[in-house]
Each structure stands twice: as structure tokens, then as C-alpha cells.
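**Q** Sequence and computational prediction follow.
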Amino acid sequence: MNAILNPVRKDTSFDQCLKCTVCTVYCPVAKANPDYPGPKECGPDGERLRMKSPAFYDEALKHCTNCKRCETACPSGVKIGDMIAVARDNFGERKMNPKTIRDFVLSHTDLFGNIATPFAPVVNFATSIPVVKKIMHKTIGVHDHKSLPKYSHGTFRRWFKQNCTSQPLYPRQVAYFHGCYVNYNNPQLGKDFVQVMNAMSIGVRLLDKEKCCGVPLIANGFFDKARKNAELNVKQLQNTVETYNASVLSTSSTCSFTLKQEYPHVLKVDNSAVAERIEYVTRFLLREFMSGNAPKMKPVNKRIVYHTPCHLERSGGAVFTIELLKMIPGLDVVVLDSECCGLAGTYGFKEENYDVSMKIGQHLFETIKASGADYAITDCETCKWQIEENTGLDTIHPISLLAQALS
């Protein structure tokens, strides 16, 4: 309790704030929701007040999507989004109501993934029935216009164990942090990743154990569980790096960002022993391609539009994906202006956020619909869900497009 009443932290960066308000100008929520005062007021300005007394905590912080666009725009390097997240952990109060059930279900991806995947056809059918969606809207607050992600009938880890016994025979190895999405929702992306790596004579290893990176838990206020996951993941990453001297790759732009940057800043979990070995996959692949280790590819005569995920932009990784896409023969690459899709993980599934979510993404949806593209490409699973649902255009990961191009 004393730490909360006097929360002076050595890593506080609000004094670097120039009060230029560029973060608020760049914030998609501030543009769409008049109830949100913006990242400057909720972040650096609010932190000064919260240091004086917890009574200054403002519930408006819940409107933040954690997209990190404020941090991307900040000329002084203030970790505004981290500041807001930490404040929600230190000062926010969880009120028990039906929406608490919703937040628990949306954030505990490992628990519900393990429960749902053995019964995926039944679960997927049930959650797609209009009357069920209406009931969820009225009772727990999942908006009935949203379609919940579909589960795979069987996990990626199970497939890997059964089909990838030859991976240690490759002369080089990488470790793969597959994340919840690949494991429970889209094992095909993990299979495509293995295929691409093997085409470059690189074998794939999985961590002995792996938990959700923690982003949905942070977003929904389950910080203690997020820390436990982070501590387990860091231990597993360290064991893998030390044992095999391998880089750790992720096909989720948000997972890689969280493992590398959010653990120490938001969850106060030390990842210094492994942080430099964690990479988002396209950065690793572009370096390999430019070093002469590119797989043989056939022309992919398609027109694609590329959408930059917010967390990939924050980490400076979008350029690697764009340049990698340009190396696929026959591909017509159109890079869209960078803007938030509005879903922001679990944010847009909630009935109280749905209208704001749609308003944020509206221009992006209209641009994609008018593009005449064969595919939309994005590195983020939740961006994929949002774009597909609101444009009708097939949206795939850069790795899956590379897998299509392999000779």
C-alpha cells in the first residue's frame, strides 16, 4: 500500500514531456472518442497528479487501446502508453460485474484455447449463431456485430510434435515463439513458418513451455497473471537461447514487441538476458535474404495492400516487412498509409468500445475496399480479423504469402 501512496519510480519519464501534444494529435482514440482526454493528459500530466495522491486516478484511462501510436509520435521518447498501463495496474479498481466475465474470457487465451480446440467445430458454430451473439451482447457485453475468432480443431504444438521430428537435423536452428493465435486459432501460419525456414535450410525448435505473451491480460487488467506468464516465458527463452544459441522468432508483431519491450517497462520482469535475441520474423528473413540465403521463389502475380500494425510501427519493424514483400517476384505491393484498424486486441469486441473502434478503422476499410487488391497483408492477427470482417478481403500474414511463393 505504501508503494501505491508514494509511487515514485526511477524509470518515470514524464519530465521529458515537452507538452507539444503531438501524441494527442496522433492518438486514434482521441480523434474518435470525446470522452478520452488524450495520451498527454492521461500519461505525463496525469502521472504528476497520481504521484501526489491516488485520488487523482481517472477512469478515462480505460479508453486507451495501448496501440502505442503516442509513443511512436513522441519526439522526446516518453513511454506514454507504458505510463498509462502501469497507472491502470497501480490505481485501477476491478469492479465485479458481468463484463468481468467477458474480460476474463477474452484475456485468458491459454485456458480457453485448451478448452475449445478439442471441440472447435461445435464452439465455432455456437458462437456464430445470431441468437447466441445477441445473448452475449446483452449479458456480458461482447458486441453482437463482432465475430469471435474461430478455433482450430487441434493445436499447432500437437501438429509440430507429430510432424516435425526432423527439425534438429538442419545445420542451423531458430526457436519459435508461436503465441496463442498460431497455437489455437491458425496453426497454418505456424506450418508456413516451418516451411519457409526449412526452404532456407534452417530448422525450427519450440520452447519446452510457452504461455500467452500477456498483452490481452494487461489490456483487461489481469496484471498478476501477465507477470506470471512473463516470468515463465523469460525462463523458457533463456533456457532455449543458452542451450541452442538460437535466435527467438515470432510471427506476431505484438508478441515480439511485448516479449522484447513490454516485459521490463510494464510488468517489471527482467528480460535483459534474452531481449537482444528476440526478433520479429521479417527482420530476420530480410537479413537472410540480403545475405544470399533466399529460397527459390516463383512469381506471385497478385496485387496486395499492406497494412502496418501499430505495435510493429512502434518497434520500427514495418520497413523490414515492406522490403521483404518487394523481394517476392511478380508481387504488386501497395503500402497503405499507416493508421490504426481500431480493433486493438480485445478492445473492439466490447460493446462499450465498438462504435469508437469502427470509427477509428473506417477510413482504412474504405481504402482497402477501393484498392482492387487480391489480398490484404498484415503482420498482426487482430488487424487481420478486423480487416477481413469489415472489408471482405482475404487478409494473410507475410509468411503465408512467402510460403505460397516457394518453388
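**A** All right, it came through fine.

**Q** what number of residues lie near residue 326?
**A** Residues near residue 326, counting by other C-beta atoms under 10 Å, number 12. (C-beta placed from N, C-alpha, C; glycine too.)

**Q** wouldn't it be in contact with residue 334 here?
**A** No: using C-beta atoms under 8 Å as the test, residue 326 is too far from residue 334 to be in contact (11.2 Å).

**Q** Next secondary structure after the longest helix seen in the chain?
**A** Secondary structure of the chain per DSSP state H: the longest helix is helix 223-244. Following helix 223-244 in sequence order, the next helix or strand is strand 247-250 (DSSP states H and E).

**Q** And the average pLDDT for that following strand is what?
**A** The pLDDT scores in strand 247-250 average 97.

**Q** what's it packed up against?
**A** strand 172-177, helix 223-244, strand 278-280, helix 281-290 (3 or more C-beta pairs under 8 Å, 6 or more residues apart in numbering; DSSP states H and E).

**Q** Partner strands of that strand, with direction?
**A** Sheet pairing for strand 247-250, assigned by DSSP bridges, gives strand 172-177 (parallel), strand 278-280 (parallel).

**Q** Deepest-packed of those, please.
**A** strand 278-280 (a mean of 23; mean count of other C-beta atoms under 10 Å).

**Q** that older thread, export the strands paired with strand 247-250 to a markdown table and tack on mean pLDDT?
**A** Formatted as a markdown table, the strands paired with strand 247-250 follow (pLDDT from 0 to 100):
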| stretch | mean pLDDT |
| --- | --- |
| strand 172-177 | 96 |
| strand 278-280 | 96 |
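
**Q** With distance to residue 243 as extra columns, can I get those strands in CSV?
**A** Formatted as CSV, those follow (distance: least, C-beta to C-beta, whole Å):
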stretch, distance to residue 243
strand 172-177, 10
strand 278-280, 16
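
**Q** that older thread, nearest to residue 72, of the helices and strands packed on strand 247-250?
**A** With respect to residue 72, and counting by C-beta to C-beta, the nearest of the helices and strands packed on strand 247-250 is strand 278-280 at 15.6 Å.

**Q** what comes into contact with the closest one?
**A** 177, 237, 247-250, 253, 256-257, 259-260, 271, 312, 315, 317, 320, 379 (C-beta atoms under 8 Å, 6 or more residues apart in numbering).

**Q** Can you flag the buried ones in these?
**A** 177, 237, 247-250, 253, 256-257, 259-260, 271, 312, 315, 317, 320, 379 (16 or more other C-beta atoms under 10 Å).
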